[in-house]
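K.L.:
below: sequence and its predicted model.
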Amino acid sequence: MRLGFYGAAGTVTGSKFLIETEHARLLVDCGLFQGLKELRLLNWEPTPFDPRSIDAVVLTHAHIDHSGYLPRLVKAGFSGPIYCTNPTADLVEILLLDAAKLQEEDAEYANRKGFSKHHPALPLYDARDVQRTLRLLKAVNSRGQTDAAGFAVRFYDAGHILGSSFLGIGEPASGHRFVFSGDLGRYNAPMHADPAPLPDCDTLVLEATYGDRNHPDEPMEDQVAGAIAPTLAAQGIVLVPAFAVARAQLLLVLIRRLMDAGRLPSVPVHLDSPMATDVTQLYRRYAEPEGLEMQRHDLFGPWLTLHRTVEESKRLNNFKGPRIIIASSGMMTGGRVLHHLQRLLPDSRNLVVLAGYQAAGTRGRKLAEGARFVRVHGGDVPVRARLAQIDGLSAHADARDLVRWVGTASTPPRSVFLVHGEPAATAALGDRLGHEGLRPIIPELNQRFEVAESGEWQEDRGNQPRPHLPRAGP
């Protein structure tokens, strides 16, 4: 039996883990590499394994770095089933269709401007590839179990985003038990339940995204209230650029809680994003079966207006404060948030909230660094609005949470592999787990391991060459 690490090893994105036995090949997650160009270029390289040889895929959740390579895999010949929870299947459809649209737009722009070295420039995949992929999805009831190419796969609540799971996978011939954490959520976080306890397993593949840091101790509600209450009291408009999946919905829940408690005035709240609107409707649909918190008649409160169409978005130009507008994208690299920046940044009564990590080179990073002007739609927009940065809204478990979760198993796993982390994060988490008596292995990209007669994992000498990975942001 072999275990290959073909993504999210030595870096955070591109999750692809392959279990191989004499009888079957099961791929756990199938994500895109994201971030720096050197990483994104890996998406265009052939996979070290033949996609046609994969018997089945199982997904932990819908985020693009875990699911976004699926259409490319199908395009290269994969035709087996793809197992995931019901909410994940619905989210995957939204995210993959959007990813294909962006790929097609990028290719069209490159051809129109003539800057691509490929003639013509082609998308990584298109909407037709996505439709072929969606037909392969096999939805499983949340927290259910299924047979995937002979492996017994159980979905446990990961508490990260809607439908997210960590996977228990049993290999029947040997009785070996795997757990793949996917992305774990935080303990005592709003909206989602705590991650389910870690079942006993032989091999744990554990994420380490925040393995070298802890989230702020200040409660999320306090951070949000402290940032935006003064602007609303002064009759200003609050603009929150936010990612459409999970981050926007978390903000809506926090705002609803604060308004219910009287810590924020009950002002109109606008969600201006077609994708975020679709995702919010999914959260509403799955609130009860997924165990999401409910209050009164709506998960997100009676003050919320969803803006799907361009006409609905334009109406916001006629509204004065106080009110809250949440729009994508979170780093202000595109989307409807740009129009709101043009209108709201020049007014000192308004507030722009940076509610997440802002990558180098983005408008969000420039604002965080104190830029006096930002370029939007070809013009320089003066920055007179106030800025506030909230750093504690991540849906990822931090280092304390990860160690706590590993400790919920009644018996420690025999082997632990650390993935989904930059080198500093995986090394720090490895040290923490070492103090708990474990000896984690930190695999490199394209590294493959096999089980020795002793039952321990050892490197398979038939490994593919391993590329040098650049350092990316968190």
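P.N.:
In hand now; what should we look at? Predicted, not measured: the structure shown is a model, and the values here were computed from it.
K.L.:
on the three-state scheme, residue 170 is what?
P.N.:
Taken by DSSP: H, G, I helix; E, B strand; the rest coil, the conformation at residue 170 corresponds to strand.
K.L.:
quick check: chain neighbours aside, which residue is closest to it?
P.N.:
Spatially, and ignoring its direct neighbours in sequence, residue 170 is nearest to residue 152 (4.0 Å; Cβ to Cβ, 6 or more residues apart in numbering). To be clear about C-beta, it is placed using only N, CA and C from the backbone, and glycine gets the same treatment.
K.L.:
do residue 380 as well
P.N.:
Per Cβ to Cβ, 6+ apart, closest to residue 380 is residue 373, 4.3 Å.
K.L.:
check contacts around that neighbour.
P.N.:
380-383 (Cβ atoms under 8 Å, 6 or more residues apart in numbering).
K.L.:
hmm, the residue nearest to residue 170 is touching residue 173, no?
P.N.:
No. Using Cβ atoms under 8 Å, residue 152 makes no contact with residue 173, being 11.6 Å away.
K.L.:
buried residues, the one helix or strand the residue nearest to residue 170 maps to. List them.
P.N.:
Taking DSSP states H and E as the criterion, the element that holds residue 152 is strand 151-157. Neighbour-count burial for strand 151-157, counted by 16 or more other Cβ atoms under 10 Å, picks out 151, 153-157.
K.L.:
can you give me the end-to-end distance of stretch 411-430?
P.N.:
Taking Cα to Cα, to the nearest Å, stretch 411-430 runs 18 Å from one end to the other.
K.L.:
so for it, mean pLDDT?
P.N.:
Averaged across stretch 411-430, the pLDDT comes to 96.
K.L.:
is residue 325 in a helix, a strand, or coil?
P.N.:
Residue 325 is classified as strand under three-state DSSP.
K.L.:
likewise for residue 227?
P.N.:
Residue 227 ends up helix, using three-state DSSP.
K.L.:
which parts of the lengthiest helix in the chain are buried?
P.N.:
With secondary structure taken from DSSP state H, the chain has its longest helix at helix 86-113. Within helix 86-113, the residues that count as buried by 16+ other Cβ under 10 Å are 86-100, 103-104, 107, 110.
K.L.:
just want the angle from the strand holding residue 152 to helix 86-113.
P.N.:
90 degrees (axes from the mean of the first three to the mean of the last three Cα atoms, to 10 degrees).
K.L.:
for strand 151-157, name the packing helices and strands.
P.N.:
Under the contact criterion of 3 or more Cβ pairs under 8 Å, 6 or more residues apart in numbering; DSSP states H and E, strand 151-157 touches strand 145-148, strand 165-171.
K.L.:
just checking: what are the partner strands of that strand?
P.N.:
strand 145-148 (antiparallel), strand 165-171 (antiparallel) (DSSP bridges).
K.L.:
of all the helices and strands packed on strand 151-157, which one is nearest residue 313?
P.N.:
strand 165-171 (34.0 Å; Cβ to Cβ).
K.L.:
ok, and what's touching that closest one?
P.N.:
Outside strand 165-171, the residues touching it (Cβ under 8 Å, 6+ apart) are 1, 19, 21, 26, 28, 58, 60-61, 84-85, 88, 142-143, 151-158, 176-182, 184, 195-196, 199, 201.
K.L.:
now the end-to-end length of stretch 260-273.
P.N.:
Stretch 260-273 has an end-to-end distance of 24 Å (criterion: Cα to Cα).
K.L.:
just the buried positions in that stretch, please.
P.N.:
Applying 16+ other Cβ under 10 Å to stretch 260-273 flags 264, 267, 269-273 as buried.
K.L.:
swap in stretch 331-342?
P.N.:
Buried-residue list, stretch 331-342, by 16+ other Cβ under 10 Å: 331-333, 335-341.
K.L.:
how far out from the middle of the chain is that stretch?
P.N.:
Relative to the chain's own centre, stretch 331-342 is displaced by 21 Å; criterion: Cα atoms, centre = their mean, to the nearest Å.
K.L.:
what lies in contact with that stretch?
P.N.:
Contacts of stretch 331-342 with the rest of the structure, by Cβ under 8 Å, 6+ apart, involve 239, 241, 272-273, 313, 316, 325, 327-329, 352, 356-359, 362-365, 367, 374, 376-377, 379, 381.
K.L.:
run the chain-centre distance for the strand holding residue 152.
P.N.:
20 Å.
K.L.:
for stretch 61-76, same thing?
P.N.:
13 Å.
K.L.:
repeat that for stretch 44-54.
P.N.:
23 Å.
K.L.:
for it, the averaged confidence score.
P.N.:
For stretch 44-54, mean pLDDT rounds to 96.
K.L.:
would CSV of the buried residues of stretch 331-342 with pLDDT and distance to residue 214 be doable?
P.N.:
Below are the buried residues of stretch 331-342 laid out as CSV (pLDDT from 0 to 100; distance: Cβ to Cβ, whole Å):
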residue, pLDDT, distance to residue 214
331, 88, 23
332, 91, 27
333, 85, 28
335, 86, 31
336, 91, 34
337, 93, 29
338, 92, 34
339, 94, 37
340, 95, 33
341, 95, 32
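K.L.:
what two of those are the furthest from one another?
P.N.:
331 and 339 (15.9 Å).
K.L.:
all strands of the stretch 1-150 of the chain, in order?
P.N.:
In the stretch 1-150 of the chain, the strands defined using DSSP state E, counting those that start in this stretch lie at 2-5, 17-20, 25-28, 56-58, 82-85, 137-140, 145-148.
K.L.:
and these: which comes nearest residue 428?
P.N.:
Residue 428 lies closest to strand 2-5 among the strands of the stretch 1-150 of the chain, at 19.3 Å (Cβ to Cβ).
K.L.:
might one say that residue 130 is in contact with residue 73?
P.N.:
No. With contact defined as Cβ under 8 Å, residue 130 does not count as touching residue 73 (11.8 Å).
K.L.:
ok, back up a step: and the helices and strands packed on strand 151-157, which is most packed in?
P.N.:
strand 165-171 (a mean of 23; mean count of other Cβ atoms under 10 Å).
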